[in-house]
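quick one: sequence plus predicted model below, questions after.
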Amino acid sequence: MKNNRIEIKIEQIKGCEDLSLPFSTSEFSSGVDLLSAEALDTILKPGKIKLISTGIKIMIPKGYEGQVRPRSGLALKHGITVLNTPGTIDSDYRGIVKVILINLSAEEFIIQRGDRIAQLVIQKIFFPDFKLVKTLDKTKRGEGGFGHSGIGTSV
């Protein structure tokens, strides 16, 4: 890794040579766009889920993972998001990268070949060594969760 860059080996599956490799749209984007490699237009009906191929396989180095995340514009403008966000690509996975999309809007959405459907972020990971203890250290928050602090700004 040099200058926060890491080499990711990539293979395009046969029949996808017409598609661009994943790319970023600005110099400091943390994610690269993944494209639909589906041969035909895919209609994503309201409330429905589709598995969309990107037409690529990638080799992520050991100690890293790929996170497949929604594209904010698709989510805001069309209600299209990645269902299992973030989807995880482990370093030992060698299959085709596919994206689980869901349409949360009331309108049909058409996915065309080459459309930017999600983004991929490469992250360093740590492998946990769990240690069993009788009790955990106490904190001020304690077991509060799931909205325990409310929605207002008053304290």
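Now that the structure is in, tell me what you want to look at.

show me which positions of the longest strand seen in the chain end up buried.
If you go by DSSP state E, the chain has its longest strand at strand 49-59. Using 16 or more other C-beta atoms under 10 Å as the test for burial, strand 49-59 gives 50, 52-58. Where C-beta positions appear, they are placed from N, C-alpha and C, glycine not excepted.

name every strand pairing with it and say which way it goes.
Here strand 49-59 has these sheet partners by DSSP bridges: strand 9-12 (antiparallel), strand 96-103 (antiparallel).

can you convert the buried residues of strand 49-59 into a markdown table and add a column each for distance to residue 19?
A markdown table is the format used below for the buried residues of strand 49-59 (distance: C-beta to C-beta, whole Å):
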| residue | distance to residue 19 |
| --- | --- |
| 50 | 18 |
| 52 | 13 |
| 53 | 10 |
| 54 | 8 |
| 55 | 6 |
| 56 | 8 |
| 57 | 13 |
| 58 | 14 |
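
could the residues you listed go into a markdown table alongside distance to residue 91 and pLDDT?
Listed next are those as a markdown table, based on distance: C-beta to C-beta, whole Å; pLDDT from 0 to 100:
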| residue | distance to residue 91 | pLDDT |
| --- | --- | --- |
| 50 | 26 | 98 |
| 52 | 23 | 98 |
| 53 | 21 | 98 |
| 54 | 18 | 98 |
| 55 | 20 | 98 |
| 56 | 16 | 98 |
| 57 | 13 | 98 |
| 58 | 10 | 98 |
